[in-house]
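Visitor: Quick one: sequence plus predicted model below, questions after.
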Amino acid sequence: MPASRVARVPAEERLFSLVLALLSTESGLTKAEILANVQGYRQRWTQGGDNASLERQFERDKDDVRDLGIPLETIETPGAAGNNQTLRYRIPKGEYDLPLDVRFTPDESALLTLAAMAWREGALSADSRRALLKVRSAGAEDDATSGVLGMDAYAPRLRARDAAFEPLRSALDRAAAVRFDYITPGQHEARRRELAPLALVQHGGRWMLAAHEFATDSDKNYLLSRIVGPVTQYEVGRHPAPAGAAERTLAELDRIWATRTARIHVVPGSDAERRLSRRRDTATEPDGTLVLHHVDPQILAEELAAFGPEVRVLEPDDLRDRVTARLRALVADHEGDVRG
């Protein structure tokens, strides 16, 4: 089958298959044996052909496995010291087993697998992926549960939509500083930022990066959707995030959410009323006025402007001005189209 038509196996599934294969052998497997037989590699393996890209994938996967804290060993073949082609790879099972007092029932293993399916590899932290691989490896001999439930067909897919998510998650795992271009609300030109990532959190349905900005020597939050262009890592291993950074970030965001409100009037029975009245913590006053909570006034202004005449901001004045400015800019853009 042509390589372009071979279905790619998800990275999390490929790593799991690699770990499982290396756990199942006492003597270890050579690179060729792995590429020719392990799920995720064998689909792209060509006997006697050019497998250079696949070999590079395997080298990256080895690093990922080790980054997850899995003890991957290399064993040299007697009489062939230094020959990478004859090196054998294995994971000592005794060093990777779950503690004797930790066991999961088939139902518990099924629920853990279902949760992991929902998030997939792009949204799992290093600790979560490490735990998932260990749990799945420990219960890998019982595949019947997932087969009977058909979980892969029914599991929801919660993927990180922002392109910056994966490189930022990788930077957190590797304790690396990052560079990227970021558009500040109210500005049209992006500005280069150099940061030490502290945590990736989701709040109000949006992914945010908590990070320490070197230029200002301060901690700030950055909306992933405002990152433009690639995220570049540098100074790997020099900027580990402090323990509990994600929890502290979410607690601060919740504090801001609780104290920052806006009062708006919505047209009764409109789409704006149906949607905005169901937002978290929204209160409805006796006259029908909605009291909304928010973290970022610019984000809320963008959301409210999308409803057009169905919404009128009563307070604060700053939010009303932001919504008005967006609507005027929209009108100006359309007037330009008409003249053209």
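Guide: All right, it came through fine. Model, not experiment: these values are computed from the prediction. Numbering: from 1, shown residues only.

Visitor: For the protein, which segments count as strands?
Guide: With strands called from DSSP state E, the chain shows them at 29-30, 73-75, 88-90, 177-182, 191-203, 206-213, 218-223, 227-234, 261-266, 283-284, 290-293, 311-315.

Visitor: Go through the ones you listed and pick out the most buried.
Guide: Each of these was scored by mean neighbour count; the highest is strand 206-213, a mean of 21, by mean count of other CB atoms under 10 Å. For the C-beta atoms, the positions are set from N, CA and C on the backbone; glycine is no exception.

Visitor: Lowest-scoring secondary structure element of this structure by mean pLDDT?
Guide: helix 144-149 (a mean of 35; mean pLDDT, DSSP states H and E).

Visitor: hmm, back to that, in TSV: the strands of the chain, plus distance to T249 and mean pLDDT.
Guide: Shown next, in TSV, are these (distance: least, CB to CB, whole Å; pLDDT from 0 to 100):
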stretch	distance to T249	mean pLDDT
strand 29-30	42	87
strand 73-75	37	86
strand 88-90	38	88
strand 177-182	16	96
strand 191-203	5	92
strand 206-213	4	91
strand 218-223	7	93
strand 227-234	17	92
strand 261-266	21	96
strand 283-284	26	94
strand 290-293	17	95
strand 311-315	28	95
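
Visitor: Put together JSON lines for these, with distance to L22 on each row.
Guide: Listed next are the strands of the chain as JSON lines, based on distance: least, CB to CB, whole Å:
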{"stretch": "strand 29-30", "distance to L22": "7"}
{"stretch": "strand 73-75", "distance to L22": "9"}
{"stretch": "strand 88-90", "distance to L22": "5"}
{"stretch": "strand 177-182", "distance to L22": "31"}
{"stretch": "strand 191-203", "distance to L22": "29"}
{"stretch": "strand 206-213", "distance to L22": "33"}
{"stretch": "strand 218-223", "distance to L22": "38"}
{"stretch": "strand 227-234", "distance to L22": "27"}
{"stretch": "strand 261-266", "distance to L22": "55"}
{"stretch": "strand 283-284", "distance to L22": "56"}
{"stretch": "strand 290-293", "distance to L22": "49"}
{"stretch": "strand 311-315", "distance to L22": "57"}
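
Visitor: Quick check, A241 in contact with R174.
Guide: No. Applying CB atoms under 8 Å as the test, A241 and R174 come out as separate, 10.9 Å apart.

Visitor: Other residues contacting the longest helix along the chain?
Guide: Using DSSP state H to define each element, the chain has its longest helix at helix 317-339. Contacts with helix 317-339, where a contact means CB atoms under 8 Å, 6 or more residues apart in numbering, come from 262, 297-298, 300-302, 304-305, 308, 311, 313-314.

Visitor: Out of those, the closest to E252 would be?
Guide: P297 (16.5 Å; CB to CB).

Visitor: what about the closest one, how many residues close to it?
Guide: Number of residues near P297 (other CB atoms under 10 Å) recorded here: 17.

Visitor: Disregarding flanking residues, what is the spatial nearest neighbour of it?
Guide: Once flanking residues are discounted, P297 sits nearest to L319: 5.3 Å by CB to CB, 6 or more residues apart in numbering.
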